[in-house]
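Colleague: I'd like to go over a predicted model; first the sequence, then the structure.
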Amino acid sequence: MFGAAVLFLGTIIWAALKWRYSGIIKHRNHVIALYKARLNGATPDQAKAKIDSLEGQVVSLKNREWPKLTPDAVTDFETVLASQESHVVSVLPQDRDSVFLARDLVDAFNRIGWKAKRDTIMNELPDGLSVWPEDDVARAICNALTMATGALVTLRTDQQHLKNQGTYAIGIGYKLD
């Protein structure tokens with residue numbers, strides 16, 4: 001009788017453990033199947049290469065962000081342009097990556113007495129920094145931007161109607177490497 005009770009109790013314990021661990025194993029197998037489906041049969045080395053590629057894309061997107069201007073760069077920018085006659089300037093950022101530079105430029109122009117605003121555009125801007133319409137004031141703006149940012153700034157000859165209005169535009173396209 002005692003042996004039958006021990007055997008019965010052992011069977012119940014064995015069945016409970018089997019049921020419990022089969023649930024854990026089923027869950028683990030489901031997780032493994034999900035990972036395999038996400039990897040599309042890739043080996044661990046292929047998966048690592050894909051992750052490294054995606055991390056590289058994230059870094060390249062981060063590197064295109066225009067940084068804020070340093071206080072010394074802002075001072076140099078304002079000093080170069082302060083001697084110029086006051087004009088109207090529209091700063092045209094391409095996307096969110098240029099928002100800090102656009103804000104710094106608008107603030108600097110307003111501090112030296114120019115009327116500046118951040119504007120939006122419908123057309124694509126070329127990569128990098130550009131100023132238009134081309135004339136002596138635009139060249140001065142180009143020089144000041146080059147000194148402040150260290151980036152190549154191009155003069156654009158299009159949009160000459162802005163010249164008649166006394167307005168200048170600064171395009172902040174995607175940052176070049």
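Modeller: In hand now; what should we look at?

Colleague: Tell me which stretches of the protein form helices.
Modeller: Read by DSSP state H, the chain holds these helices, from start to end of the chain: 2-39, 44-63, 71-82, 99-111, 136-149, 161-165.

Colleague: mind checking which of the ones you listed is nearest Val89?
Modeller: With CB to CB, the closest approach to Val89 among those belongs to helix 99-111: 5.2 Å. Where you see a C-beta, it was placed from the backbone N, CA and C, and this is true even at glycine.

Colleague: doesn't Ile170 make contact with Leu129?
Modeller: Yes - taking CB atoms under 8 Å as the definition, Leu129 is a contact partner of Ile170 at 7.0 Å.

Colleague: Please identify every residue contacting each of those two.
Modeller: Leu145 (CB atoms under 8 Å, 6 or more residues apart in numbering).

Colleague: Output the lowest mean pLDDT helix or strand found in the chain.
Modeller: helix 161-165 (a mean of 64; mean pLDDT, DSSP states H and E).

Colleague: shaky segments in the protein?
Modeller: Counting by pLDDT under 70, the chain contains low-confidence residues at 59-64, 122-123, 159-164, 177.

Colleague: Leu101 - nearest residue in space that isn't next to it in sequence?
Modeller: Spatial nearest neighbour of Leu101, excluding adjacent residues (CB to CB, 6 or more residues apart in numbering): Trp66 at 3.9 Å.

Colleague: ok, so what distance separates Ile32 from Gly171?
Modeller: 51 Å (CB to CB, to the nearest Å).

Colleague: thinking again about what came up before, to Leu125, which of the helices of the chain lies closest?
Modeller: If you check each of the helices of the chain against Leu125 by CB to CB, helix 99-111 wins as the nearest, at 11.7 Å.

Colleague: Which secondary structure elements does the closest one sit against?
Modeller: With contacts defined as 3 or more CB pairs under 8 Å, 6 or more residues apart in numbering; DSSP states H and E, the packing partners of helix 99-111 are helix 71-82, strand 88-93, strand 115-118, strand 167-172.
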